[in-house]
Structures are given as C-alpha cells and as structure tokens.
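**Q** Compute the structure for the input listed below.
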Amino acid sequence: MKELKVLTYNVDLLPQNLNLKDLPWWLQPARWIYKLVKKTNLITINDNVTYPYDIGRYLLESNADIIALQEDFNYHRELMLILEEEYNDSTHTGKIDFKNIKWFPYPKFKADGLNLLVKKGIRIFLEDIVKWNKSYGYFSNANDLLTTKGFRFYNLMFNGVTLDVYNIHMDADFYNGNTNVDKDLEARCSQFEQLVEYIKLRKNSNIHNPIIIMGDTNSYDKYDWDVDNIKVHLIHELDHEFEFSVNEALPNNFSDCDRIFYINNAKSKVKLELKECHFDTDTKLSDHFPLIATFTVNEE
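**A** Below is the predicted model:
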C-alpha cells in the first residue's frame, strides 16, 4: 500500500501592474492619453501583495507528491528557484503582460496560469493543454476571456502506478451584488461537459487509469446552481459510465471553490482510497487556501 499526497492551490500570482510601455507601436497614442490623465504608465490589476518566495517555501514544506497550480503567471521563476531541487514542473505558458498577448480578433493574454509540479522520481509521460470551448466575460464577470483558461491533462507514473491527472481552472464571476451570472453558469456547464467528454475519450481508447481532477472550479456549495452543475454535468455524467466510480474528496474543515475529485475504474487493478482532505486555512499567501488530500493507492 502506497500513500499519495496531492495539493491544489490558486496562487494568485498575477502582476501588480501592467506597463503600457510594452504596448505595440500602433497603440502608443493610447498610452500617451492614459499617462496624461493618470500621470503613470502603469495599470494596477492586482492589489493583493504577492509572496512568491513564501509560496514556494510553503509548497516545498508541504511535501506533496503532486501539486496543481492555478494563476501561476508572473512569478513562476521565483517559485521554481525554491522548488527546483525537489520538484519538476510542466509547461509554463507565460506572464500576464503586453508582450505575451494576441491582439486579434480581440486581445487575449497567451497564458493559462496552469502548472503541475511533481516530485522528482514521478514521471510525466504526457501533457495536454486544452482551452475551454466556451468562456464568458471580457471587461466584466471576472474577465475570463482575457486569458486562455482551460484544463491540463497529465498521464504520469507514481511509484510504479500510472495515473491520469487533470488540473482545471473554470469560468469565474463576481457574485457579490451581481445577479447576472447566467452566462457564467452556462460557460461552466459547457466546461464540465468538455472535461467529461475528454475523460470518456480516454476510457473509450481502453485506458483505465485511476483519475484525479483538481483545481479551481469557481463553484461554491452555498449556491444551488453550482451544486447542481457539479452533480449533473460532472458526477452524474461520469457515473453513467458503468466502469467509473466518481467521488469528491470532501474537506473536513471548510468549503470553497477549490475541489478534488477522484475516479476509480472497475477495469483497473489500482484503486484510490481517500484517507484525509482539508483546507490549510492558516496559510494566507493568496486569495485562496491550499486544498490537500492524501490517498492510499491500493493494488489488487
């Protein structure tokens, strides 16, 4: 029997400012106008103080085998300076800045903020970077269309056992005082369906590995529509596949939008059994708390 410790964390590592000096030449007049009015070239986009080195040390001390990160944007190098001796990372798609942007047909930063860290010795065989087919909100509703949000798929080997791991970051919105969330909910429904279809495609290709899905779902238990969304468009859809046994790793101390699901396959000799799951509410380095789960990995 082996133990597997996983951690998912939205690290909120967006830059504090965007520098308008990085705009292309044909947009420099806009910078001059902005500077004339605001007396600065900087646009503040993240008022939270970032602690990349502290987050790196926290992740290192967590001793998790697999770490799923969301919003790993502008301080990835600082994180890895702390972590690189113990962990390998996957593909980093870049920063949020005007040098890493696609302008047409509309501006979009070419970064998804997703990354997976694995302890050295864990082998990643396959990584797939998938964009959501549907998102909502450009200059409103959490601005999801400004980045290439989606999910990452990884096929990896942990202690001789092959696992499928998904790292997700789903459509967001601002509930506080905002009742116009129908399009965001529609986007999240579509994203769950897209994720489920990807998982089914793997199964239909006769791949029967245990599965872990973790990340920022932007779905909260206090909202009935989010609860129904997860039950109907994720769990129910996968439970219809008779080989799957779908469970959520429910934390014992808190509830938030960060979630971990695990799926066992009847055709696999390897089974995941949840041992413990909790949010680390003492860690306040981001606007999210780390969610940690420990599994026993049993082989028949």
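**Q** leaving aside the residues next to it on the chain, what's closest to Gly56?
**A** Ile82 (3.0 Å; Cβ to Cβ, 6 or more residues apart in numbering). Heads up, the C-betas are built off the backbone N, CA and C, glycines and all.
**Q** how about the one you found, what does it touch?
**A** Going by Cβ atoms under 8 Å, 6 or more residues apart in numbering, Ile82 touches 53, 56-57, 59-60.
**Q** Now which of the residues you listed would you call buried?
**A** Among the contacts of Ile82, those buried by neighbour count (16 or more other Cβ atoms under 10 Å) are 56, 59-60.
**Q** Redo these as a markdown table? Include pLDDT and secondary structure.
**A** A markdown table is the format used below for the buried ones among the contacts of Ile82 (pLDDT from 0 to 100; DSSP: H, G, I helix; E, B strand; the rest coil):
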| residue | pLDDT | secondary structure |
| --- | --- | --- |
| Gly56 | 97 | helix |
| Leu59 | 98 | helix |
| Leu60 | 98 | helix |
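**Q** quick one: the nearest residue to Leu20 once chain neighbours are set aside from Thr294, how far?
**A** Take Leu20 and drop its neighbours on the chain: the residue closest to it by Cβ to Cβ, 6+ apart is Arg31, 4.0 Å away. Arg31 sits at a distance of 50 Å from Thr294 (criterion: Cβ to Cβ, to the nearest Å).
**Q** Repeat that for Met157.
**A** Counting by Cβ to Cβ - Met157 and Thr294 are separated by 19 Å.
**Q** Next: Asn63.
**A** Asn63 is 11 Å from Thr294, by Cβ to Cβ.
**Q** The two: which has the busier surroundings?
**A** Thr294 (17 against 10; other Cβ atoms under 10 Å).
**Q** Check whether Ile235 sits in a helix, strand or coil.
**A** At Ile235 the chain is in helix, as set by DSSP: H, G, I helix; E, B strand; the rest coil.
**Q** Show the pLDDT at the nearest residue to it once chain neighbours are set aside.
**A** Closest residue in space to Ile235, ignoring its immediate chain neighbours: Val246 at 5.1 Å, by Cβ to Cβ, 6+ apart. Confidence at Val246, expressed as pLDDT, is 95.
**Q** quick one: which helix or strand includes Val246?
**A** strand 244-248 (DSSP states H and E).
**Q** Repeat that for Tyr262.
**A** Going by DSSP H and E, Tyr262 is part of strand 258-265.
**Q** Quick one: residues contacting the residue of the chain positioned farthest from its centre.
**A** Distance from the centre of the chain peaks at Leu36, with 38.2 Å (Cα atoms, centre = their mean). Contacts for Leu36 were tallied using Cβ under 8 Å, 6+ apart; there are none.
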